[in-house]
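Chemist: coordinates only, sequence not included:
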């Protein structure tokens, strides 16, 4: 369902020659949803009437400076009673844009936040591996203890200390 909304918005923005502006605003909308507890509560609440939710969401978007195409799109989403799916739709739109532009997303989990130098080095290694234009989505997972877990599409590269210790544990159990 989210893919259909994302494709419709992409097609509309492309036809209106406003694709870059809509892409930037949808990225901002995703950050707004992630950062604002109040806005997230608004879009997740099943108790708010559709018309009230529409007015509130559009007021927030207008106050934040969103353009007419994105405001109209969110209005359609609310009218179709899909406001709870807005974050998923924003993610599907970002994935569609990345796919159309040939950008590959690499999900990287590490025990500690990576520095800019480490991120650039990782990006260079992924490009060397043939992944071309790479967008890195970083996540910190303290239970990895060290190393990285990199997921690019269906491929998984796990160099974490946690998985190495697990493999050692299994090997030691087999030897006993």
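Modeler: Perfect, I can see it now. As the structure is a computational prediction, the values presented were derived from the model and not from experiment. Numbering: from 1, shown residues only.
Chemist: domain parsing of this structure, as residue ranges.
Modeler: Annotated domains of the chain cover 2-99, 112-175 [automatic domain parsing].
Chemist: so how far is the shortest one from its chain's centroid?
Modeler: This means domain 112-175. 19 Å (Cα atoms, centre = their mean, to the nearest Å).
Chemist: shaky segments in this protein?
Modeler: Along the chain, segments meeting pLDDT under 70 span 175-176.
Chemist: quick check, central residue of it?
Modeler: residue 91 (4.9 Å; Cα atoms, centre = their mean).
Chemist: isn't it up against residue 5?
Modeler: No - counting by Cβ atoms under 8 Å, residue 91 stays clear of residue 5, with 11.1 Å between them. For every residue, glycine as well, the C-beta is placed using N, CA and C.
Chemist: who's in contact with the lengthiest helix in the chain?
Modeler: If you go by DSSP state H, the chain has its longest helix at helix 19-35. Helix 19-35 is contacted from outside by 9-10, 13, 39-40, 43, 60-61, 64, 66-67, 69-70, 74, 86-87, 90-91, 93-94, 97, using Cβ atoms under 8 Å, 6 or more residues apart in numbering.
Chemist: report the buried residues of it.
Modeler: By neighbour count on 16 or more other Cβ atoms under 10 Å, the buried set for helix 19-35 is 19, 22, 23, 25, 26, 28, 29, 30, 32, 33.
Chemist: state the helix or strand in which the residue nearest to the centre of the chain lies.
Modeler: Assigned by DSSP states H and E, residue 91 falls within helix 86-100.
Chemist: that helix - contacts with which helices or strands?
Modeler: helix 2-15, helix 19-35, helix 37-44, helix 68-79, strand 104-110 (3 or more Cβ pairs under 8 Å, 6 or more residues apart in numbering; DSSP states H and E).
Chemist: in TSV: those, plus distance to residue 158.
Modeler: TSV is the format used below for the helices and strands packed on helix 86-100 (distance: least, Cβ to Cβ, whole Å):
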stretch	distance to residue 158
helix 2-15	29
helix 19-35	27
helix 37-44	32
helix 68-79	37
strand 104-110	9
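Chemist: to residue 51, which of the ones you listed lies closest?
Modeler: If you check each of those against residue 51 by Cβ to Cβ, helix 68-79 wins as the nearest, at 8.8 Å.
Chemist: contacts for the closest one next, please.
Modeler: Contacts of helix 68-79 (Cβ under 8 Å, 6+ apart): 5, 9, 12-13, 16, 18, 21-22, 25-26, 29, 50, 53-54, 57-58, 61-62, 83, 85-86, 89.
Chemist: same check, this time on stretch 43-52
Modeler: Stretch 43-52 is contacted by residues 33, 42, 53, 56, 57, 78, 79, 81, 83, 84, 86, 87 when judged by Cβ under 8 Å, 6+ apart.
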